[in-house]
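> pasting the sequence and the predicted model now:
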Amino acid sequence: MDTYILLQHYWWFLISLLGALLVFLLFVQGGQGLLYTIGKTEEERNMIVNSLGRKWELTFTTLVTFGGAFFASFPLFYSTSFGGAFYVWMLILFVFVIQAVAYEFRRKPDNFLGEKSYNAFLIINGVAGAFLLGAAVGTLFTGANFTVDRMNLGNYDGVNTISQWTNSWRGLDALADYRNWALGFSVLFLSRILGLQYFMNDIDDTTIASRSRKHLVYNAIPFLVCFLTFLISLLFANGWAVDPTTGVISVKPFKYLHNLLAIPVIAAMLLVGVLAVLWGIGTGIFKGSRKSIWFSGGGAVLTVLSLLLLAGFNNTAYYPSLSDMQSSLTIYNSSSSLFTLEAMSIVSIFIPFVVAYIWYSWRAMNRKPITRQEIESDNHLY
């Protein structure tokens, strides 16, 4: 494997890892969506919002980093998807902007919208944000309607953009595929499960812990149904395979299943990840364990990481074109130059230090659980 191909795989791995960490951090969105379900009084809702308020910036920052890393390492995907499916990405951007506004102004005196309006913003972000991100990621497997023509760069008489969207739906057509719905709801219900487990871990209140434990059951069942629907349909679906020598893309039956069998490490990660999520759900429901989030969260990271690696590794088109098969994007035909990938790889050496800082900040913020007494006495309320 030459240096360029190695770096293309390296950066797909880093992007997949960032995506996996983002899904774990969506527990913030999951918790927001349960604001009125778990918080029956104003005091309880303030406890929930202040608990999540400690972490919402981590999720937001990871989302931005994920998008930035994708742009820098695989710019053709960024220009194709973000430029073509902009209805979806603008919706995602909108629901995350109103989240930031809600945390900033929810408890500010004399805010003209009122606290209930900002609560609604948090719920919209919690439900729509998680679902839309899941559905958007689903298109990495199900494909989208676009064409790619690099010769357009030299066209000064008309269209001179490389990528073109072939319909007017601008990404909303992804909702016509049930698999995108299945993955979107999988991410939504997983975020709610993680949010409930986070409440059990971070809020020192028996009432909230009891409600959270009860609602784990209600969210675990639809999560399992949606996730199994997506996973089974994926493993038995056709995939787009690329010939690494010629660059020709063709349909291959059971492509993702073949990927799983061809790379045992990914298969093991997927199995361990799924089992860890199930173990975390089980310990949360039957034992009320405060540590259940670490099993489910770690399992979610491994599961999402393995699925994203399946999408790009083993000569697979990670963004299939439904309009022109040869326009499908792979890690080979959509990456940055060798120089750019090498330069970014040097910077990526600092990633472990950033992760260590995030972990340190997390531990510092969670050293003292949220209590009713703290909410009553704290002057800085979200």
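Yep, it's here.

> report how many residues lie close to residue 204.
16 (other C-beta atoms under 10 Å). No exception for glycine: its C-beta is placed from N, CA and C like everyone else's.

> mind exporting the lowest-mean-pLDDT helix or strand in the chain as PDB, just the C-alpha atoms?
None of the helices or strands of the chain scores lower by mean pLDDT, DSSP states H and E than helix 372-377, at a mean of 78. Extracted in PDB, the C-alpha atoms of helix 372-377 (Å, rounded to 0.1, in the frame of the first residue of the first chain):
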ATOM      1  CA  ARG A 372     -32.100  20.400  43.800                       C
ATOM      2  CA  GLN A 373     -30.100  22.400  46.300                       C
ATOM      3  CA  GLU A 374     -27.600  23.400  43.700                       C
ATOM      4  CA  ILE A 375     -30.400  24.600  41.300                       C
ATOM      5  CA  GLU A 376     -31.900  26.700  44.100                       C
ATOM      6  CA  SER A 377     -28.500  28.400  45.000                       C
END
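
> so which bits of that helix are buried?
Neighbour-count burial for helix 372-377, counted by 16 or more other C-beta atoms under 10 Å, picks out 372, 375.

> pLDDT score for residue 378?
Note on residue 378: pLDDT of 65.

> residue 83 now?
So residue 83 comes in at 83 (pLDDT).

> correct me if wrong: it contacts residue 163.
Yes. Counting by C-beta atoms under 8 Å, residue 163 is a contact partner of residue 83 at 6.4 Å.

> quick one, which of those two is more surrounded?
A count of neighbours by other C-beta under 10 Å puts residue 163 above the other of residue 83 and residue 163, at 21 against 16.

> what pLDDT is listed against the more buried one?
Reported pLDDT for residue 163: 82.

> tell me the bridge partners for it.
Bridge pairing for residue 163 (DSSP bridges) gives the partners residue 148.

> and it, how far is that from residue 71?
14 Å (C-beta to C-beta, to the nearest Å).

> same check, this time on residue 64
11 Å.

> compare those two (neighbour count), which wins?
Legend: neighbour count by other C-beta under 10 Å for residue 64 and residue 71, higher for residue 71 (14 against 11).

> SS state for the more buried one?
Residue 71 falls in the helix class when you classify it by DSSP: H, G, I helix; E, B strand; the rest coil.

> who's in contact with it?
Residue 71 is in contact with 78, 82, counting by C-beta atoms under 8 Å, 6 or more residues apart in numbering.

> return the distance of the least confident helix or strand of the chain from the chain's centre.
Relative to the centre of its chain, helix 372-377 is centred 33 Å away, using C-alpha atoms, centre = their mean, to the nearest Å.

> what's the answer for stretch 240-253, then?
On C-alpha atoms, centre = their mean, the centre of stretch 240-253 falls 27 Å from that of its chain.

> how about residues contacting it?
Contacts for stretch 240-253 (C-beta under 8 Å, 6+ apart): 143, 238-239, 255, 258, 315-317, 320, 325-326, 328, 330, 332-333.

> same thing with stretch 172-188?
Contacts of stretch 172-188 (C-beta under 8 Å, 6+ apart): 23, 26, 30, 33, 85, 87-88, 127, 130-139, 141-142, 144-145, 167, 222-223, 226-227, 229-230, 233-234, 237.

> avg pLDDT for that stretch?
Stretch 172-188 comes out at a mean pLDDT of 95.

> can you pull the contacts of residue 56?
So, once contact is read as C-beta under 8 Å, 6+ apart, residue 56 ends up touching 28, 99-100, 103.

> residue ranges in the chain under the pLDDT threshold?
Filtered on pLDDT under 70, the chain yields the residue ranges 1, 151-160, 378-380.

> check which element follows the biggest helix by length in it along the chain.
Longest helix of the chain, by residue count under DSSP state H: helix 206-235. Counting by DSSP states H and E, the next helix or strand C-terminal to helix 206-235 is strand 239-242.

> any idea how far residue 282 is from the residue nearest the centre of the chain?
Residue closest to the mean C-alpha point of the chain, counted by C-alpha atoms, centre = their mean, is residue 23 at 3.9 Å. Distance, residue 23 to residue 282, using C-beta to C-beta: 20 Å.

> quick one: buried residues of stretch 311-324?
Quick answer for stretch 311-324 (16+ other C-beta under 10 Å): 311-323.

> want to try a markdown table for those, with distance to residue 362 and secondary structure as columns?
Output for the buried residues of stretch 311-324, formatted as a markdown table (distance: C-beta to C-beta, whole Å; DSSP: H, G, I helix; E, B strand; the rest coil):
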| residue | distance to residue 362 | secondary structure |
| --- | --- | --- |
| 311 | 29 | helix |
| 312 | 29 | helix |
| 313 | 30 | coil |
| 314 | 34 | coil |
| 315 | 38 | coil |
| 316 | 34 | strand |
| 317 | 37 | coil |
| 318 | 31 | coil |
| 319 | 33 | strand |
| 320 | 37 | coil |
| 321 | 40 | strand |
| 322 | 41 | coil |
| 323 | 44 | coil |
